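*Asks:* What shape does this take:
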Amino acid sequence: MYERKNAYARRRQYRRQKNLMILISSLCLALALAILFGSFLSEAEAKEPEVTYYKYYANVEIQPGDTIWELADDYMDEQHYESREAYIREVQELNSLADTDSIVSGQYLILPYYSTEYKL
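*Replies:* Residues are numbered from 1 along each chain as shown. As a prediction, this is how the structure comes out:
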């Protein structure tokens, strides 16, 4: 009889340990899934939508008192040019200008600019 009780106690203890291991494994799996799912959500929220910029050219008439430097301030996008000087060099190349002082009132210049709007 003692052996029966002992065998029954061992089976009960084994079932408890088995159930405890299943519970611990389930909790660990649930925690891992929650962390994984949370990291995907935070990555999705952290990323801003990528904006596409298109490069265009404006044909601008020079008004009395206009300078290339002022036009650069109006048309240059700091995100696409490392400096105002780099933008002005491009304007000079586009318009075959020898220097920055060689523009006159009434003259037309081609000025590059960037926009997120797609134009046909």
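*Asks:* hey, let's count contacts and neighbours off CA atoms from now on
*Replies:* Will do.
*Asks:* Spit out the contact partners of the nearest residue to residue 76 once chain neighbours are set aside.
*Replies:* In space, and not counting its chain neighbours, residue 76 is closest to residue 113: 6.2 Å by CA to CA, 6 or more residues apart in numbering. The neighbourhood of residue 113, defined by CA atoms under 8 Å, 6 or more residues apart in numbering, consists of 55, 56, 57, 58, 75, 76, 77.
*Asks:* Out of these, who's the most crowded?
*Replies:* Scoring the contacts of residue 113 on neighbours with other CA atoms under 10 Å, the highest-scoring entry is residue 76 at 21 neighbours.
*Asks:* Which strands or helices does the helix of greatest length in the chain pack on?
*Replies:* The helix that spans the most residues within the chain, counting by DSSP state H, is helix 2-46. In this structure, helix 2-46 packs against no helix or strand, with contacts taken as 3 or more CA pairs under 8 Å, 6 or more residues apart in numbering; DSSP states H and E.
*Asks:* What about residue 112, how many residues nearby?
*Replies:* When counting by other CA under 10 Å, one arrives at 19 neighbours for residue 112.
*Asks:* likewise residue 91?
*Replies:* When neighbours are counted by other CA under 10 Å, residue 91 registers 20.
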